[in-house]
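Trainee: Generate a structure from the sequence data that follows.
(chains A, B, C and D)
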Protein chains: 2
Amino acid sequence: MTTQQTQDYLKAIYELASDHKTVSTTALAEHLFLTPASVTGMLKRLAVQKPALVRYKKHQGVQLTSLGEKMALQILRQHRLLETYLVEALGYSWDEVHEEACRLEHAISEQFENRIDAVLGRPQRDPHGDPIPSSNLEIPMDRSRPLSEFRPPQKAVICRVNGKDPALLRRLDKLGMIPGASITIVDYSELDQVLSIRIGTREPTCSVGSTISRQVLAEELLEPPAGDSQPS
Amino acid sequence: MTTQQTQDYLKAIYELASDHKTVSTTALAEHLFLTPASVTGMLKRLAVQKPALVRYKKHQGVQLTSLGEKMALQILRQHRLLETYLVEALGYSWDEVHEEACRLEHAISEQFENRIDAVLGRPQRDPHGDPIPSSNLEIPMDRSRPLSEFRPPQKAVICRVNGKDPALLRRLDKLGMIPGASITIVDYSELDQVLSIRIGTREPTCSVGSTISRQVLAEELLEPPAGDSQPS
DNA sequence: AAAATAATTTAGTATATACTAAATTATTTA
DNA sequence: TAAATAATTTAGTATATACTAAATTATTTT
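Mentor: Next up, the predicted model:
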């Protein structure tokens, strides 16, 4: 049986390795709130066991093997389904679910996973807009980009928030920056790199380097094709 | 933080110590599927730590301290609420819930506990009829006795099943022996100590020494007081 | 390229928890 | 009560996982 620790390492490696890049010991240590030395030790174990879950050569970071990736996706699926369930069925707010899901994800059975998946109607996104791997571990496509890459007069729909910090999430909620919200970029100041965004009647601004503009992801809304004009 | 192991030991001691009796190392070992030697070691740790969770003197078995008992009741509450939730909200059958609840009980937060308690309407019994400790850890009264103690022509209502073995539970379900079922003891053979029971139209028998008659608990249904006759 | 800095690994240690085999204590039987 | 049996504990070991401090390797800066 794989332990909770193993699962946490695999999930962390998956999350840090965008596009199968290699992940450094230190990055992993920071993500997991452990010392680099502890991580080195654990990675060796994960690489040596049969079947191996990671590929690891000293001073060169780690990668998941294909089995390791499968296991990471399975945990990620459980995590995100749980987050969705906590919000939809038990009335949690989106800033409360991460921690709870982090514990539950190691405890539920396949049956539990299937039941909540069914109750929720096989959702494809969790409350933060993160894609939920399907039961065969495929990930829904995602063409979202961080807010920092948008410029006026682009319009977009917020579809995802990467951060899990409850304070950030509550702030975003207050600003109306939640998945599904339509936004318009109304201004960008080259000088101080500040974006002004319109969300409904509100017009918050955020610096291009800020947590918000890096962690809130949106999909551009293209202009309706010509000939689709609306008669008033 | 208390570990899952600690919680399992406390729960086991609580379950085996009816009425604050002392629990033996071996009994505990069997219940937890561990060797007696391992149990001895763990009990020492639980007794020595501050605050102590058990009282333990060698060769004399263990008892929970009042803190240990509180913790046991808290876990038991979580376990039984979870079992109830799995049946009521997620469509599990009563023979499937024990194992799942055994894992989840160590992972849920107080918030989770409160939410499912509320969703379920603060239930007092789990699907097996076991009493659910209230949020202040008091246990609903229970005057049920094992089927083996009943004799014709007593009538009773089944209110509880002690065993968790899925096969037993499925069998009971098939027989209609589920909490809430009204039964009549129709015969008792002194010779081979067999009870005949009527449940609806069925009339199963069970030996007085059998698992069923020891683990199925019922409350006697007293004759309606005189003057309460029903006009047809 | 040498020096300085940063990242990583090694070595040694600690803890919780389990195990087995042997020793001890308690209980039952003859 | 002595012998036999059963229950329990001790002693020693193993594993997974973390830690710290020191050593090493890699990267960056001068």
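Trainee: can you give me the strands for chain A?
Mentor: Using DSSP state E, the strands assigned to chain A run over residues A:54-56, A:62-64, A:145-146, A:155-161, A:182-189, A:194-198, A:205-207, A:216-221.
Trainee: Among those strands, show the one with the smallest mean pLDDT.
Mentor: Note on the strands of chain A: lowest mean pLDDT is at strand A:205-207, with a mean of 87.
Trainee: what lines up beside that strand in the sheet?
Mentor: Under the criterion DSSP bridges, strand A:205-207 sits next to strand A:194-198 (antiparallel) in its sheet.
Trainee: Can you tell me how far A:Thr211 is from chain B?
Mentor: 26 Å (Cβ to the nearest Cβ, to the nearest Å). For the C-beta atoms, the positions are set from N, CA and C on the backbone; glycine is no exception.
Trainee: What about that residue, how many residues nearby?
Mentor: Each residue near A:Thr211 was counted by other Cβ atoms under 10 Å in any protein chain shown, and the total is 14.
Trainee: Name the residues of chain A found near DNA strand D, please.
Mentor: Where chain A comes near DNA strand D, counting by Cβ under 7 Å from any atom of the strand, the residues are A:3, A:5-6, A:33-35, A:37-38, A:41-42, A:45, A:59.
Trainee: hang on, A:Thr6 packs against A:Leu43?
Mentor: No - no contact is recorded between A:Thr6 and A:Leu43 when judged using Cβ atoms under 8 Å, the distance being 11.0 Å.
Trainee: More neighbours: which of these two?
Mentor: When A:Thr6 and A:Leu43 are compared for neighbours, A:Leu43 comes out ahead with 22 against 19, by other Cβ under 10 Å.
Trainee: which non-adjacent residue is nearest the more buried one?
Mentor: In this structure, A:Leu43 finds its nearest non-sequential neighbour in A:Tyr56, 4.8 Å apart by Cβ to Cβ, 6 or more residues apart in numbering or on different chains.
Trainee: Return the helix or strand in chain A with minimum mean pLDDT.
Mentor: When the helices and strands of chain A are scored by mean pLDDT, DSSP states H and E, strand A:205-207 comes last with a mean of 87.
Trainee: Buried by neighbour count: which residues of that one qualify?
Mentor: Of the residues in strand A:205-207, those buried by neighbour count under the rule 16 or more other Cβ atoms under 10 Å in any protein chain shown are A:205-206.
Trainee: Over to stretch A:73-86?
Mentor: The neighbour-count criterion (16+ other Cβ under 10 Å) identifies A:73-86 as the buried residues of stretch A:73-86.
Trainee: residues in chain A within reach of DNA strand C, list them.
Mentor: When proximity is defined by Cβ under 7 Å from any atom of the strand, chain A lies next to DNA strand C at A:24-27, A:36-37, A:39-41, A:43-44, A:56, A:58-61.
Trainee: which residues does A:Asp187 contact?
Mentor: A:152, A:194-196, A:205 (Cβ atoms under 8 Å, 6 or more residues apart in numbering or on different chains).
Trainee: Would you write out the ChimeraX command that picks the buried residues out of those?
Mentor: Here is the ChimeraX command that picks out the buried ones among the contacts of A:Asp187, judged by 16+ other Cβ under 10 Å:
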select /A:194,195,205
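Trainee: of all the contacts of A:Asp187, which comes closest to A:Ala101?
Mentor: Compare each of the contacts of A:Asp187 with A:Ala101 using Cβ to Cβ and the shortest gap goes to A:Leu195, at 31.0 Å.
Trainee: So in terms of bridging, what pairs with the closest one?
Mentor: Counting by DSSP bridges, A:Leu195 is bridged to A:Tyr188, A:Cys206.
Trainee: so it sits right up against A:Ile185, yeah?
Mentor: Yes - checked against Cβ under 8 Å, the pair A:Leu195 and A:Ile185 is within contact range at 6.2 Å.
Trainee: Now do the shared contacts for those two.
Mentor: Joint contacts of A:Leu195 and A:Ile185 (Cβ under 8 Å, 6+ apart) are A:Phe150.
Trainee: burial of A:Trp94, as a residue count?
Mentor: Neighbours around A:Trp94, by other Cβ under 10 Å: 22.
Trainee: how much space is there between it and DNA strand D?
Mentor: Between A:Trp94 and DNA strand D the computed distance is 27 Å (Cβ to the nearest atom of the strand, to the nearest Å).
Trainee: now the closest residue to that residue other than its chain neighbours: how far from chain B?
Mentor: If you skip the residues right next to it in sequence, A:Trp94 has A:Pro127 as its closest partner in space, 4.4 Å away by Cβ to Cβ, 6+ apart. Per Cβ to the nearest Cβ, A:Pro127 is found 15 Å from chain B.
Trainee: Which residues are in contact with A:Pro127?
Mentor: The neighbourhood of A:Pro127, defined by Cβ under 8 Å, 6+ apart, consists of A:83-84, A:87, A:94, A:97, A:179.
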